[in-house]
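Novice: Any chance you can model this:
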Amino acid sequence: MIRHYLRERRRELVVATVLCATSSALSIVLLSRLNDVARDGLGETGTRNLPVVSALLAAVFLGNLAAQTYLARFGASTIASLRSDLSRRFLAMDYEQLLASGKHVVGGALIADVSRVATLFLVLPLFAFNALSVAFCVVYLAVLSIPLILVFTAIMAFAIGSSLRMMGRSGAIFEATREQEEILFGHFASLADGKKELTLSAGRARHFMDSVPDPAIETNRHLNYEAQKWWGYGGAWSSTMVFCAMLGVIYAGQAEFGVPSGTILQFVIGALFLMNPLNYLIIASRDVMIGMASLRQLEHSGLGGAARPANPDSFDSAGSGEWRHIEAKGLCFRYEEDDGHGFSLGPIDLDLRRGETLFVVGGNGSGKSTLGMMLCGLTRPTAGRIELDGRPVDDTRLAAYRALFSAVFFDFHLFTHMVDRRGEPAPDADTGAWLTRLDLHAKVQARGGELSTLALSQGQRKRLALAQSCIDDADILLFDEWAADQDPGFRRYFYRELLPALKRSRKTVIAITHDERYFDCADRVLKLEQGRLVETPALAALA
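Specialist: Alright, predicted model coming up:
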């Protein structure tokens, strides 16, 4: 992923590198001139150097200003592009892959990992800038004295090597910390999902905190402590060794090589100048290491691969209004649990004709919702296939097949905008008509397609979700237990008025329901028992 973004911005990287190199080179030239002024004093030679030093000061300031401005723009645009691209990768991710990874894992990746990878991309240009500063400074020190730079390099090589060994222990701990965070995100999700129950039971709330999130938080605290500790040890050791290197340079220069004191002083000043970018490299290495761990986590969560944008035009009959029937042939789904138990659905054969209203009924756990998810293409069957007008719905046609559907799922989500099938804001008049029709006009208004509020009761939220689904104007509408939270009046409206109106509009409706008194509103009723379609007397009477 990082190679992709760097390759995509190679021109900007070249410009950034040139600006950084120019700024670093000017800094070293300025350092050299300052050393000359210090060596020559304020005599005639020193006075002649002052205008040059002044000009270099201005050039260094302007060069740094230009480099930092460009790096800030480069970092900000890269971060924005990264966040936008990862959001699109998430949209392109299969729903099954999301379930397999875990919603809290992907959610944590989009929040925690994106922030850390964003920091990585922000740090990289500055990392390069300071690395160039270190390189130019080393060259300058080598020009001052070859023997001294050899002594300095030998001591610093030992210092950096030993520091990296200490810091290397942090790398594995950072990886473990990120894995532990996944568990913590899952506990936080449980905390939010179970807020009502935990509020009602102080004992359960205390037990939950003591036995679930608190141990995970403590584990995360310990890992963070270990990682930061060893990273700090490495940084402290390397900083101390810089002074040891200076001491070695001073001793070797005077006692072994007979280097003039003025040259030794210039070398020490240059080494002190080197400390600032070198310290930044050490500090920034932690952000780089954490960012790389987050990049690997993004890969693991499924967000690091190549984005697969949906292509609604890839299936010529989908969305064209010309399709006639959908066939499920030998449809099976098997879900295995860790303890060896699981759930089986199928094999199921059914034919869904355009414009019909189909009810799917059955007890809890019979597979109604799973069948609905397979029919609309969100869950792939483990066996069997779905055909549209006799043509198999394979991976190349799946996105366009899904575009035939709109749904109000049992665990539905409300969006803040009303949009039509093209993704354009729905006319406020159309939205207002639906809000009035569903008795929501006193609580919710629409302006430019945006809804004024989503703070509604569960039944009202479902009505708003129904309005969003109908305005979406898909060919096939899936309603999973929509009427379960409605009062008798709206329940009757749904079955006696809305479903017939949708049928007259040639919409195909799949309604998962328990409302036996309204079975006569369906063209067909399919009953599931323990994952199998069964024939019942009521079903035969309606056939």
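Novice: least trustworthy helix or strand in the chain by mean pLDDT?
Specialist: Across the helices and strands of the chain, the lowest-confidence element by mean pLDDT, DSSP states H and E is helix 537-542, at a mean of 43.
Novice: could you pull out the strands for the stretch 301-450 of the chain?
Specialist: Per DSSP state E, counting those that start in this stretch, the stretch 301-450 of the chain carries strands over the ranges 325-336, 342-353, 357-362, 383-388, 391-392, 405-408, 446-447, 450-451.
Novice: okay, the ones you listed, which one's buried deepest?
Specialist: strand 357-362 (a mean of 23; mean count of other Cβ atoms under 10 Å). Where you see a C-beta, it was placed from the backbone N, CA and C, and this is true even at glycine.
Novice: so where's the stretch 201-350 of the chain uncertain?
Specialist: By pLDDT under 70, the weakly predicted segments of the stretch 201-350 of the chain are 297, 300-321, 336-342.
Novice: quick revisit: could you dump the strands of the stretch 301-450 of the chain into JSON lines with distance to residue 131 added?
Specialist: Listed next are those as JSON lines, based on distance: least, Cβ to Cβ, whole Å:
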{"stretch": "strand 325-336", "distance to residue 131": "50"}
{"stretch": "strand 342-353", "distance to residue 131": "54"}
{"stretch": "strand 357-362", "distance to residue 131": "63"}
{"stretch": "strand 383-388", "distance to residue 131": "55"}
{"stretch": "strand 391-392", "distance to residue 131": "55"}
{"stretch": "strand 405-408", "distance to residue 131": "53"}
{"stretch": "strand 446-447", "distance to residue 131": "52"}
{"stretch": "strand 450-451", "distance to residue 131": "48"}
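Novice: Out of those, which gets nearest to residue 486?
Specialist: strand 405-408 (11.8 Å; Cβ to Cβ).
Novice: Could you report the pLDDT at the residue nearest to residue 462 when sequence neighbours are not counted?
Specialist: Excluding its sequence neighbours, the residue lying closest to residue 462 (Cβ to Cβ, 6 or more residues apart in numbering) is residue 485, at 5.5 Å. Note on residue 485: pLDDT of 81.
Novice: how deep is residue 485 tucked in, by neighbour count?
Specialist: 15 (other Cβ atoms under 10 Å).
Novice: Equivalent analysis for residue 218, please.
Specialist: 10.
Novice: what's the answer for residue 467, then?
Specialist: If we define neighbours as other Cβ under 10 Å, then residue 467 has 24 of them.
Novice: Isn't it up against residue 436?
Specialist: No. Residue 467 is beyond contact range of residue 436, at 10.2 Å (criterion: Cβ atoms under 8 Å).
Novice: Could you list the domains of this structure?
Specialist: 2-301, 313-542 (automatic domain parsing).
Novice: Out of the strands of the stretch 301-450 of the chain, flag the one nearest residue 96.
Specialist: Closest among these, using Cβ to Cβ: strand 325-336, at 10.6 Å.
Novice: So which other helices or strands are in contact with that closest one?
Specialist: strand 342-353, helix 368-375, strand 383-388 (3 or more Cβ pairs under 8 Å, 6 or more residues apart in numbering; DSSP states H and E).
Novice: before we move on, back to that, return the member of the domains of the chain having the minimum mean pLDDT.
Specialist: domain 2-301 (a mean of 78).
Novice: ok, so what distance separates residue 265 from residue 208?
Specialist: Distance, residue 265 to residue 208, by Cβ to Cβ, to the nearest Å: 65 Å.
Novice: More neighbours: these two, which one.
Specialist: The neighbour count for residue 265 versus residue 208, taken as other Cβ under 10 Å, is higher for residue 208 (18 against 15).
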